[in-house]
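Novice: Sequence plus predicted model, see below.
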Amino acid sequence: MSDLNTLTIAAARDALRAAETTSVELTEACLTQIDAADALGAFVHKTPELALERARAADERIKAGDAPDMCGIPVGIKDLFCTEGVASQAGSKILQGFLPQYESTVSGQLKSAGAVMLGKLNMDEFAMGSSNETSVYGNAVNPWRSGNSDAALTPGGSSGGSASAVSADLCLGATGTDTGGSIRQPAAFTGIVGLKPTYGRCSRWGIVAFASSLDQAGPMTKTVRDAAIMGRAMMGHDPKDSTSADLPVPDFEAMLTGDIKGKVIGIPKEYRMDGMPDEIETLWTQGREMLADAGAVIRDISLPHTKYALPAYYVVAPAEASSNLARYDGVRFGHRAQLSQGDGITEMYEKTRAEGFGPEVKRRVMIGTYVLSAGFYDAYYNRARKVRALIKKDFEDVFADGIDAILTPATPSAAFELGKEHTDPVEMYLNDVFTVTVNLAGLPGIALPTGLDRQGLPLGLQLIGRPWEEGDLLNTAYALEQAAGFVAKPAKWW
Amino acid sequence: MSIDKDTAAKVAKLARIKVEEQELDALAGEFNAILGFIEQLNELDVENVEPMTSVTPMRLKRREDIVTDGDQQDKVLANAPDAREGFFAVPKVVE
């Protein structure tokens, strides 16, 4: 078989089981592509020896029969996941040299299922960013280019390396994490599928924490079927995460019938933003028509507090980040600043954190510190938590009215150029305008590619589902994927 | 609400991040841009709204109150910038 790296997870699984290829061959094909793709900045810690060792073990297991779906499948792991004995820096200088002594639950589940880790993937520092430009490793680059231009585009963020790697066929799938849109926005920018499960589906244990009440891991894959397969392997109850849901994880793939007759799809009027490009508007209309043609009932709905989601997020997320990132103090792990004569412990903290954190992380930690500080806690943090309750209720109301899923654009634009000057940090935050509500409400959401813009760049739509009903959501996404028939791939320049 | 240079310095101190004197004005400007954006939340009436405390309403699981791990000093200290004699070492804390 040729071009093994371009296979979907489903196709590779079937080929492995039919003994048409081996995990070692699949893994070698991916490793070759990874070594030729340094220009994409996707893989930041490569683990070829470990990968081949795991591939050989997977081949043994497949030969013995009864191997799980992910057995022998080469994947990339976002740098946010702690992987035993393999550098895990969260894209930050402050974790330089950190070698976890343990494996995160999610990457551990993939490992136990026989998946082959190829290496660690680039990301925005501590997952704070929407363009992968805050990473200590430098930018990850989108394999797609606009028209005839050779300008480097962002793969989105924070899971930019994961998106770039899957889109460029460097791996068959990758893990991502999503706090405000960090799986779905990069998936949309690179023409791949990204699933953010319901809050509590994937254990957060061993994933470097950003905003604990919003963070959720999920799969980034080439197809909806692959998201169903890889997602199932990542989910499940974990006693080590108190928010982990003790609910059975169904066989999502078996639920992909493509039959959505009678399903009620809501179109929220508040997602029609001023100044939204017509191409996004058209894409959204087409998506609506595709779902209607497949037999779904389309209904206009209202989610009245949508416009307050981003401001609420920019209180809640920095507040939680300021608390979570307090642990980077130069004592237990990572970077410690060189101290001057007479420096005490306070100077050690202040210098270590000033050197170790990049500008966006510092900004968010300090904003978080401010909104939690005495005298402002009620005005900012408590108010934001109340607004969050209202946003969640918006969704509960429409679901109670019989809505099965909600269709929205995934992003307000196609991928933009790397290196553009951003004078106002808020401008970058607007990237998450369609995705952040889902994190605040703890719901499952999926982004999938459904079209190209005039410059040939991929555009994605988002479907939002009811809590714990990823199977139903994936099936609706599957129907949309079938109807859209998106097959475009980036032309190889790297 | 506007943040001045002194407030920016105070926040940096609370966050234990050293910020040079000449960077404080720019930092205060960035804080004001973000807080200006957040101000929109004041348009809403949140009287009688309970703040969200749990994403999914659930009762926390209970477990036996027993020791389940430990005895891994070497692993705990493995990543320390300065570990000596089984302890994390830091600059002098008390005179």
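Specialist: Looks like it came in fine. Numbers count the residues shown, from 1 in each chain, chains lettered A, B, ... in the order given.
Novice: any idea of the pLDDT on the residue nearest to residue A:92 when sequence neighbours are not counted?
Specialist: Sequence neighbours aside, residue A:125 is the residue nearest to residue A:92 in space, at 4.7 Å (criterion: C-beta to C-beta, 6 or more residues apart in numbering or on different chains). Where C-beta positions appear, they are placed from N, C-alpha and C, glycine not excepted. Listed pLDDT for residue A:125 reads 98.
Novice: thought residue A:125 was touching residue A:359?
Specialist: No - between residue A:125 and residue A:359 there is no contact under C-beta atoms under 8 Å: 9.3 Å.
Novice: Pull the number of nearby residues for residue A:396.
Specialist: If you count neighbours by other C-beta atoms under 10 Å in any protein chain shown, residue A:396 ends up with 13.
Novice: so it sits in a helix?
Specialist: Yes - counting by DSSP: H, G, I helix; E, B strand; the rest coil, residue A:396 is located in a helix.
Novice: Look at it and report its pLDDT.
Specialist: 98.
Novice: Check the gap between it and chain B for me.
Specialist: Going from residue A:396 to chain B by C-beta to the nearest C-beta, to the nearest Å gives 11 Å.
Novice: hey, where'd the strands end up in chain B?
Specialist: In chain B, the strands defined using DSSP state E lie at B:83-84, B:87-88.
Novice: so which of those comes closest to chain A?
Specialist: For the strands of chain B, proximity to chain A was assessed by C-beta to the nearest C-beta; strand B:87-88 is nearest, at 5.3 Å.
Novice: Show residues contacting the closest one.
Specialist: Strand B:87-88 has contacts (C-beta atoms under 8 Å, 6 or more residues apart in numbering or on different chains) with A:331, A:332, B:77, B:80, B:82.
Novice: Equivalent analysis for stretch A:367-374, please.
Specialist: With C-beta under 8 Å, 6+ apart as the criterion, stretch A:367-374 contacts A:314-315, A:317-323, A:376-377, A:380-381, A:384, B:3, B:7, B:11, B:14-15, B:31, B:34-35, B:38.
Novice: Now find how far off-centre it is within its chain.
Specialist: Chain-centre distance of stretch A:367-374: 27 Å, with C-alpha atoms, centre = their mean, to the nearest Å.
Novice: what does stretch A:365-383 give?
Specialist: Using C-alpha atoms, centre = their mean, the offset of stretch A:365-383 from its chain centre is 28 Å.
Novice: Stretch A:21-35 now?
Specialist: 24 Å.
Novice: what does the average pLDDT come to for that stretch?
Specialist: According to the model, stretch A:21-35 has a mean pLDDT of 98.
Novice: circling back to that earlier point, just send the strands of chain B back as a markdown table, with mean neighbour count and mean pLDDT too.
Specialist: Formatted as a markdown table, the strands of chain B follow (neighbours: other C-beta atoms under 10 Å in any protein chain shown; pLDDT from 0 to 100):
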| stretch | mean neighbour count | mean pLDDT |
| --- | --- | --- |
| strand B:83-84 | 13 | 96 |
| strand B:87-88 | 12 | 96 |
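Novice: Rounded mean pLDDT for stretch A:84-96, please.
Specialist: For stretch A:84-96, the per-residue pLDDT averages 98.
Novice: Ends of that stretch, what's the gap?
Specialist: By C-alpha to C-alpha, to the nearest Å, the extent of stretch A:84-96 from end to end equals 15 Å.
Novice: so how far is it from its chain's centroid?
Specialist: The mean C-alpha position of stretch A:84-96 is separated from the chain mean by 18 Å, C-alpha atoms, centre = their mean.
Novice: for stretch A:383-399, same thing?
Specialist: The answer for stretch A:383-399 is 23 Å, by C-alpha atoms, centre = their mean.
Novice: can you check stretch B:58-65 too?
Specialist: For stretch B:58-65, the distance to the chain centre is 26 Å (C-alpha atoms, centre = their mean).
Novice: And residue A:152, its phi and psi?
Specialist: As for residue A:152, its main-chain torsions (degrees, to the nearest 10) stand at phi -80, psi 130.
Novice: nope, residue A:234 is what I meant
Specialist: phi -90, psi -20.
Novice: likewise the one 4 residues further on?
Specialist: Note on residue A:238: backbone dihedrals following degrees, to the nearest 10 are phi -140, psi 110.
Novice: so who does it touch?
Specialist: Contacts of residue A:238 by C-beta under 8 Å, 6+ apart are A:105, A:203, A:205, A:244.
Novice: can we see that at 10 Å?
Specialist: A:104-106, A:108-109, A:200, A:202-206, A:244-246 (C-beta atoms under 10 Å, 6 or more residues apart in numbering or on different chains).
Novice: same check, this time on residue A:175
Specialist: Contact partners of residue A:175, counting by C-beta under 10 Å, 6+ apart, are A:75-78, A:80-81, A:104, A:106-107, A:110, A:115, A:117, A:121, A:159, A:162, A:183, A:202, A:207, A:217-220, A:230, A:234.
Novice: A helix includes it, no?
Specialist: No - secondary structure of residue A:175 (three-state DSSP): strand, not part of a helix.
Novice: sorry, back to before: for the contacts of strand B:87-88, give me CSV that also has distance to residue A:256.
Specialist: As requested, the contacts of strand B:87-88 are arranged in CSV below (distance: C-beta to C-beta, whole Å):
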residue, distance to residue A:256
A:331, 49
A:332, 45
B:77, 48
B:80, 48
B:82, 53
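Novice: Any of those buried? List them.
Specialist: Those of these that meet the buried threshold are A:331, B:77, B:80, by 16 or more other C-beta atoms under 10 Å in any protein chain shown.
Novice: So which helix or strand of chain B has the lowest pLDDT on average?
Specialist: helix B:24-38 (a mean of 93; mean pLDDT, DSSP states H and E).
Novice: got a list of what the spatially most central residue of chain B touches?
Specialist: Compute the mean C-alpha point of chain B, and by C-alpha atoms, centre = their mean the closest residue is residue B:15, 7.0 Å away. Contact analysis of residue B:15 by C-beta under 10 Å, 6+ apart lists A:322, A:325-326, A:349-350, A:353, A:357, A:362, A:365-370, A:373.
Novice: Low-confidence ranges, the chain, go.
Specialist: No chain was given, so I picked chain A. Scanning chain A for pLDDT under 70 picks out A:1, A:421, A:423.
Novice: The chain in question should be chain B.
Specialist: In chain B (pLDDT under 70), the answer is B:1, B:95.
Novice: residue ranges for the helices of it, please.
Specialist: Along chain B, the segments classed as helices by DSSP state H run B:5-14, B:24-38, B:73-77.
Novice: Which one of the ones you listed lies nearest to residue A:339?
Specialist: helix B:5-14 (18.0 Å; C-beta to C-beta).
Novice: quick one: buried residues of that closest one?
Specialist: Within helix B:5-14, judged by 16+ other C-beta under 10 Å, the buried ones are B:7, B:8, B:11, B:12, B:14.
Novice: Between those, which sits nearest residue B:59?
Specialist: residue B:14 (34.6 Å).
Novice: Next up, phi/psi of the spatially closest residue to that closest one that is not a sequence neighbour, please.
Specialist: Using C-beta to C-beta, 6+ apart and skipping residues adjacent in sequence, the residue nearest residue B:14 is residue A:369, 5.0 Å away. Dihedral angles phi and psi of residue A:369 (degrees, to the nearest 10) take the values phi -60, psi -40.
Novice: burial of residue A:369, as a residue count?
Specialist: For residue A:369, using other C-beta under 10 Å, the count is 24.
Novice: Next, find the distance separating the residue found closest to residue B:86 once you drop the neighbours it is linked to in the chain from residue B:80.
Specialist: Excluding the flanking residues, the one nearest residue B:86 by C-beta to C-beta, 6+ apart is residue B:73, at 5.8 Å. Remark: distance between residue B:73 and residue B:80 (C-beta to C-beta, to the nearest Å) = 11 Å.
Novice: Repeat that for residue B:40.
Specialist: From residue B:40 to residue B:80 the distance is 44 Å (C-beta to C-beta).
Novice: cool, residue A:336 as well?
Specialist: For residue A:336, the distance to residue B:80 - C-beta to C-beta - is 9 Å.
Novice: anything in contact with each of these two?
Specialist: By C-beta under 10 Å, 6+ apart, the residues touching both residue A:336 and residue B:80 are A:330, B:90.
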